[in-house]
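J.: Let's see this in three dimensions:
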Amino acid sequence: MNIPAILSKPQLIAVALLPLAIYLAIKVGISLLTLNTSTPGTALADSLTQAINSELKVIDKRLTKLKPKSNYLVVNSTANEFYLYEADTLLAQGKCSTGSYVLLKNGDLQQWIFKTPKGEFKILNKKKNPIWKKPDWAFIEEGLPVPAINHSSRFEYGVLGDYALSLGDGYLIHGTIYQRFIGLPVTHGCIRLNDENLALIYKKLNIGSKVYLF
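T.: Prediction:
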């Protein structure tokens, strides 16, 4: 499964650390300003202060550009929580379920790690009353022989909830018949929501809306 991550892991970490970096930069700037007013001959401090202010403006512009203009979703796969935003406004937050990191092997031939990918994604498709087409691993996991690609046993109705939003490569945001497990890392890589939150996110996100997974 090749997921195109627009933001690499180092970039995501850098974004996460920006508030701390800004705080430290401001603290340094204040210290230099204090030095400037109390110590004669502080041309160097003036230069450093100007440089810091200039960098802060650059960082602020970059952050502004990174923010989507429309609704978007952020998923914390460690805490199994989601955050639905409209620009800077948090519309909703709650529990979800993400990948279990369970390793499934089919002898020495195949193996799968059930993890939720990380990075920046887009909603590629939206469906009401989705039908799950079971992949090969679903049969191997159940100890069953793998049927032909379009065999009727691959199609299950009602197990994905009322809606599904595709992120590509088989990863979906969908519902579940096991809502008591919401908040736990129990999926095969998809993002599961309860019925209420799934309906809200289906309504608020459009095709092309950004989804950030970390």
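J.: can you pull the contacts of the closest residue to Asn80 other than its chain neighbours?
T.: Sequence neighbours aside, Gly183 is the residue nearest to Asn80 in space, at 5.2 Å (criterion: CB to CB, 6 or more residues apart in numbering). From N, CA and C alone the C-beta is placed, and that goes for glycine too. By CB atoms under 8 Å, 6 or more residues apart in numbering, the residues touching Gly183 are Asn80, Lys95, Cys96, Ser97.
J.: Buried only: go through the residues you listed for me.
T.: The neighbour count (16 or more other CB atoms under 10 Å) marks Asn80, Cys96, Ser97 as buried among the contacts of Gly183.
J.: which one of these is nearest Trp112?
T.: Ser97 (17.4 Å; CB to CB).
J.: Identify the bridge partners of the nearest residue to the closest one once chain neighbours are set aside.
T.: Leaving aside its chain neighbours, Ser97 sits nearest to Arg192 (4.2 Å; criterion: CB to CB, 6+ apart). Following DSSP bridges, Arg192 is listed with bridge partners Ser97, His174.
J.: do you know how far Ile113 is from Tyr101?
T.: Per CB to CB, to the nearest Å, Ile113 is found 6 Å from Tyr101.
J.: Kindly report the same for Tyr72.
T.: Tyr72 is 26 Å from Tyr101, where distance means CB to CB.
J.: So which of the two has more stuff around it?
T.: Tyr72 (21 against 12; other CB atoms under 10 Å).
J.: can you tell me the helix or strand for the more buried one?
T.: Per DSSP states H and E: Tyr72 is located in strand 71-76.
J.: still on that earlier bit, farthest-apart pair in the contacts of Gly183, please.
T.: Taking CB to CB as the measure, the contacts of Gly183 span a maximum distance of 7.7 Å, between Lys95 and Ser97.
J.: Spit out the residues that contact these two alike.
T.: Here Lys95 and Ser97 share the contacting residues Asn80, Ile182, Gly183, scored by CB under 8 Å, 6+ apart.
J.: Just confirm the second one contacts Thr98, I think it does.
T.: No: with contacts defined as CB atoms under 8 Å, Ile182 does not count as touching Thr98, sitting 10.6 Å away.
J.: For the protein, give me the ranges with low pLDDT.
T.: Low-confidence segments of the chain (pLDDT under 70): 1-41.
J.: Many thanks, I have nothing further to ask.
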